[in-house]
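Visitor: Sequence plus predicted model, see below.
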Amino acid sequence: MTTDSEAETAANAPTPRRSHHQRRTVSAAHIAASRPARATTAVAAVWLFAYAAHAAHLDLATLLAIVLGTAALNRYGSTVLDRIMAAVVLLAGTAIVGGLVISYWPWGLAPVAVGGFALSVLVLVSFATRRRFRLPMHFAAADGIAILSGAAAVVIAAWPTLHSDFWKQFDYSALLADRLRQFAMFDVVRSGHSYAFAHFDRVSAQALPGARTYPSGMQMVYAIVDCFAHGDAEPGAPLHEFVRYYWYTLISFGLLVLATAWAAKRMVGPMMADRLRLPSVFVTAGVGAFLSTGYFLSYVWQGFDSVVLACVFLVAGMAVILRPPRNVWEQALLAGSAFLAVVFGHPLLLPHITLVLVAALVVYRRRFFKARIRGKLAFALGTLGVAVLVAAPFMAVSGLNIGTRFHTDGFIIALPWHVILTVSVAAAIALANPATRRLPHAKAALAALAATGAVQIALEIDLVGHSSTRYYVEKSLNGLVLMSLVGLGGLTNLWPKARPKATRTAEAAKAAQTAKVAKTAKVARAAMTPRRRTRRTRKPWPVRQAENAIAAVTAALAAGAVAFAPAYINWPRFQPGTDSTWAQLWTGRHTFVADYGHQLRAQQRLGVYSDGVPTIVASSPSGILNLNMSLLAGLANRDLHAVSSQINRTTDLYGLTGLPAKGEWSPQAKASLKILEHIITSNKAPVRIVVSDKVLAAKLQGFGAVHPQFKVKVLYVP
């Protein structure tokens, strides 16, 4: 036992000081112990943020936080736009995979659940990887041109509907049936809170044939975005939902322009010196102007919505795959996300993105196979993830036959061959020149373009003897053209050096000699580092911006973005006239052939789009417009399945207006009447026929009186 004096002596004894190593150990243990608590607090904070944003009807703030958080967490590129574009690619692939989770969890597309879960994942990844949220401060001039090009594309595409009333907008937003069918699949995903194949029984009444098996990656991405934009788990009124969907397609087109221009800038090289600023601005502005005012604007009013979004990730995928980040895990995630977004967006672009992946694997093979074990593991897991998440469900669930799809008929405007050849040759020069081909990503891009071109040529040869259609072939060819536009970024490297090589060598030798004889390290660093001298002699900011503006305007003129003649369209070739542009035609409202907004307004007043009655519209002299209005009626009433077997027959309903009360009808009108009578007698559910001709209405009412068992309703809407 110790005595009181001994205890007092021990208490008063000085405490031994801990060594530096002991203090570091204790500090590390304290940080490790506090990390779970800090992670839990951060997760609770982001859920509180999601709830507060929803309560304030600011769910878009949650979506913005997700995008910026993903951009701040990845380490791709060196500019803010690089990080944001990489974030968009990652989020698209994650949304497609996350759609499987959303399809089965109990909260569906509730914005708080989706936003809170997404932000929680970002926070947990940050703590697990010990990576802070950080955005670079650098912003290249070419990035600003790419953003302006994308914004201009959205304004041009939206122009015909910016100054129109609600019903007049449908003349442009629902111009062709393709968009209405794409929206029908979007509505299936949005209303069912899941992929169609997951819970088809929920949405079978409103689904078109094939909706269960059609790859709906675009629809899931749009549905997740819509839950934040609309601020509600439920989609709301169908027609208002369609207007939101239409704006998503316009934004996607702008994103395609931005992504292609940005990807072209990424083809310049890993170190873009100030001497390459003007050529990079020129190429970026030229690509952006060509896309926003040229042929690809026709994709908007042809309703090729899934192709547009898939092309966004095809071109962005080229950038992130061919110029990957340093981290191999990040490389695998970006490559897999781009692959998922393309394949589940539009499967016919599968060969394009696959060849890009193969070319990148060949060029960067040493990075994986000679790296440490984590590099090999990342590559194996990335490959396995693509196989499991794409190939297996895609083949098992959809059963889509790409070879059969290539022989499908359809209407599409062809891209002129002289444009295709010009872009292809320019891309070959840009990537194969000695100044560019030494770069690994340029080699991979050139190989991918050559392989994709060979596949396209083989397809063209195959179709010469086996098919007359060019619908999907043209879409595939246009994907190759977009890849070539990305390759044009290599033209920047052809810009001549600012100073002769001999001069640079002499200056470098002089700097080395100065550093060698310097007495202090500070003097040596000043002699060996030319950056400080470059910054002191840099041109003033207004001068640089004026040069950028001149280069951008010159590129837009060279790309043919400015029209010098009155707008007119060459209808036999379905191309703009001489010195006209697609943008001039579209903004001047020269690219549609009929006006049916007033018919939609009149039909809505009589409840056609709100009473839930299966409807076939035959109120227009054009069969295409009858198809569009019949589809819109089915979408608005969410009962497409009731008339799905008869919808396509409305394209043959011509000449059903201005019919004579006495005398013979035209053969075309007689044939159309027979089709309507067959629709009435063969449809499983009683239908309503909407007409705008009194004589036709009387004829159909007489037919219904003779056949009362079919319970047909005839609605006359002048």
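Guide: Great, that's in hand. Predicted model only: the values in this text are computed from it and were never measured.

Visitor: Low-confidence stretches in the stretch 551-700 of the chain?
Guide: 591-594 (pLDDT under 70).

Visitor: in it, which spans are helices?
Guide: Shown for the stretch 551-700 of the chain, the helices assigned by DSSP state H, counting those that start in this stretch span residues 582-587, 597-605, 623-637, 640-647, 667-682, 694-706.

Visitor: Next, the angle helix 623-637 makes with the second one.
Guide: With axes from the mean of the first three to the mean of the last three Cα atoms, to 10 degrees as the criterion, the two stretches helix 597-605 and helix 623-637 enclose an angle of 30 degrees.

Visitor: Contacts for helix 597-605 next, please.
Guide: 164-165, 167-171, 609-610, 617, 619-620, 629, 632-633, 690, 692, 717-718 (Cβ atoms under 8 Å, 6 or more residues apart in numbering). Where you see a C-beta, it was placed from the backbone N, CA and C, and this is true even at glycine.

Visitor: Please report how far residue 65 lies from residue 253.
Guide: 25 Å (Cβ to Cβ, to the nearest Å).

Visitor: Those two - which one has more neighbours?
Guide: Each of residue 65 and residue 253 has its neighbours counted (other Cβ atoms under 10 Å); residue 253 has more, 28 against 18.

Visitor: Helix or strand: which one has the more buried one?
Guide: Using DSSP states H and E, residue 253 sits in helix 238-266.

Visitor: So which bits of that helix are buried?
Guide: Using 16 or more other Cβ atoms under 10 Å as the burial criterion, the residues of helix 238-266 that qualify are 238-239, 241-242, 244-246, 248-266.

Visitor: Which residue, other than its chain neighbours, is closest to residue 342?
Guide: In this structure, residue 342 finds its nearest non-sequential neighbour in residue 353, 4.4 Å apart by Cβ to Cβ, 6 or more residues apart in numbering.

Visitor: if I pick the one you found, what's in contact with it?
Guide: Applying Cβ under 8 Å, 6+ apart, the residues near residue 353 are 313, 314, 317, 338, 339, 342, 343.

Visitor: Give me the pLDDT for it.
Guide: For residue 353, the model assigns a pLDDT of 92.

Visitor: got it, and residue 510?
Guide: Predicted confidence (pLDDT) for residue 510: 55.

Visitor: Please renumber the chain so that the first residue is 823 from this point on.
Guide: New numbering, starting at 823: the last item is residue 1332.

Visitor: Do a quick rundown of the strands in this protein.
Guide: 1391-1392, 1397-1398, 1437-1440, 1510-1513, 1535-1538 (DSSP state E).

Visitor: What strands line up against the fourth one, and which way round?
Guide: Spelled out, that is strand 1510-1513. strand 1437-1440 (parallel), strand 1535-1538 (parallel) (DSSP bridges).

Visitor: give me the low-pLDDT residue ranges for the stretch 1173-1322 of the chain?
Guide: 1190-1231, 1285-1291, 1319-1322.

Visitor: hey, where'd the helices end up in it?
Guide: 1187-1191, 1195-1208, 1214-1215, 1224-1227, 1239-1254, 1256-1259, 1262-1288, 1293-1309.

Visitor: Domain ranges for the protein, per the record?
Guide: Per automatic domain parsing, the structural domains of the chain span 883-1312, 1419-1538.

Visitor: most tightly surrounded among those?
Guide: Counting by mean count of other Cβ atoms under 10 Å, domain 883-1312 has the highest mean neighbour count of these, with a mean of 20.

Visitor: before we move on, back to that, so which of the strands of the chain gets nearest residue 945?
Guide: strand 1437-1440 (49.4 Å; Cβ to Cβ).

Visitor: Distance from the closest one to the middle of the chain?
Guide: Averaging C-alpha positions (Cα atoms, centre = their mean, to the nearest Å) puts strand 1437-1440 34 Å from its chain's average.

Visitor: Let me see the confidence value for residue 1101.
Guide: pLDDT, residue 1101: 89.

Visitor: Enumerate every residue touching the closest residue to residue 903 other than its chain neighbours.
Guide: Nearest residue to residue 903, sequence neighbours excluded (Cβ to Cβ, 6+ apart): residue 965, at 4.1 Å. Residue 965 makes contact with 901, 902, 903, 904, 1084, 1087, according to Cβ under 8 Å, 6+ apart.

Visitor: just those now: which is nearest residue 1008?
Guide: Using Cβ to Cβ, these come closest to residue 1008 at residue 1084, 26.5 Å.

Visitor: Let me see the contact set for the closest residue to residue 1044 other than its chain neighbours.
Guide: By the measure of Cβ to Cβ, 6+ apart, the closest residue to residue 1044 outside its immediate chain neighbours is residue 1070, 5.1 Å from it. Listed by Cβ under 8 Å, 6+ apart, the contact set of residue 1070 reads 1044, 1047, 1048.

Visitor: neighbours of the closest residue in space to residue 1385 that isn't next to it in sequence, just the number please.
Guide: Nearest residue to residue 1385, sequence neighbours excluded (Cβ to Cβ, 6+ apart): residue 1406, at 4.4 Å. The tally of other residues near residue 1406 (other Cβ under 10 Å) stands at 23.

Visitor: Next, the contact list for residue 1406, please.
Guide: 1115, 1385, 1389, 1398, 1412.

Visitor: Just the pLDDT for residue 1365.
Guide: pLDDT, read off for residue 1365, is 88.

Visitor: mind checking how far it is from residue 876?
Guide: 48 Å.

Visitor: swap in residue 1498?
Guide: From residue 1498 to residue 876 the distance is 48 Å (Cβ to Cβ).

Visitor: same question, residue 1027
Guide: 30 Å.

Visitor: ditto for residue 1419
Guide: Residue 1419 is 35 Å from residue 876, by Cβ to Cβ.

Visitor: what's the answer for residue 1471, then?
Guide: 45 Å.

Visitor: pLDDT at the spatially most central residue of the chain, what is it?
Guide: Centroid check for the chain by Cα atoms, centre = their mean gives residue 1131 as the closest residue, at 3.1 Å. Turning to residue 1131, the model gives it a pLDDT of 95.

Visitor: Quick one: residues contacting it.
Guide: 1040, 1043, 1074, 1163, 1167, 1168.

Visitor: now residue 1245
Guide: Taking Cβ under 8 Å, 6+ apart, we find residue 1245 in contact with 1303, 1306, 1307, 1310.

Visitor: same question, residue 888
Guide: Counted by Cβ under 8 Å, 6+ apart, residue 888 has contacts 913, 937, 940, 941, 944.

Visitor: buried residues in stretch 1375-1388?
Guide: 1377, 1378, 1381, 1382, 1383, 1385.

Visitor: Please verify my assumption that the first one contacts residue 1101.
Guide: No: if you go by Cβ atoms under 8 Å, residue 1377 and residue 1101 don't touch, sitting 9.9 Å apart.

Visitor: Need the overlap of contacts for these two.
Guide: Joint contacts of residue 1377 and residue 1101 (Cβ under 8 Å, 6+ apart) do not exist.

Visitor: Now residue 1005. Nearest residue, chain neighbours left out?
Guide: residue 1067 (5.2 Å).

Visitor: What of residue 906?
Guide: Residue 906 sits nearest to residue 893 (Cβ to Cβ, 6+ apart), 4.7 Å away.
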